[in-house]
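Q: next comes the sequence, and after it the predicted model I'd like to discuss.
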Amino acid sequence: MKHSARLLASAAALLLAGSTGFAADIIGEPAVNYCRTVGTSDLVLTDNMVELKDHVVKLMDESVAVANSPEWINSSRPAFVWASEAKVACGMAYGYLKTNYKDEDTLNKCECFHDRMVEYMH
């Protein structure tokens with residue numbers, strides 16, 4: 001029992017020591033820019049709400065297909081990871097769009113993560 005407690009304490013100490021690094025620095029600038037273009041995405045610049053909704057749904061559907069595909073789930077390339085991120089971001093963006101609100105952050109993430117997914121697929 002003492003051995004288990006020491007292992008647990010050691011694991012907790014390692015986790016705490018590692019959490020002070022840059023792994024999840026959401027306050028400052030990201031260490032790496034994941035998108036080719038920094039700033040406003042093409043989705044945000046689209047004024048036609050019907051067209052915007054259709055495009056977001058298209059990106060979301062493509063991302064869901066990749067995230068559910070055994071080919072990409074079992075691949076050593078990170079397309080599955082980006083597909084998973086894209087389907088969530090695009091789903092959130094679509095949720096906002098259903099209320100006729102263009103949330104720039106989720107639209108930018110939707111396009112960015114989808115672009116990354118496609119990049120790793122080719």
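A: Looks like it arrived, so ask away.

Q: got the end-to-end distance for stretch 71-89?
A: According to C-alpha to C-alpha, to the nearest Å, stretch 71-89 extends 22 Å from its N-terminal end residue to its C-terminal end residue.

Q: quick check: next helix or strand after the host helix or strand of residue 83?
A: Of the helices and strands defined by DSSP states H and E, residue 83 is found in helix 79-98. Towards the C-terminus, the helix or strand next in line after helix 79-98, according to DSSP H and E, is helix 104-121.

Q: where does pLDDT dip in the protein?
A: 1-34, 36-39 (pLDDT under 70).

Q: how about a cut-off of 80?
A: Using pLDDT under 80 as the threshold, the predicted model of the chain has low-confidence ranges 1-40.

Q: my guess is residue 79 contacts residue 63. True?
A: No. The pair residue 79 / residue 63 is not scored as a contact, 9.9 Å apart, by C-beta atoms under 8 Å. All C-beta atoms are positioned from the backbone trio N, CA, C, and that covers glycine.
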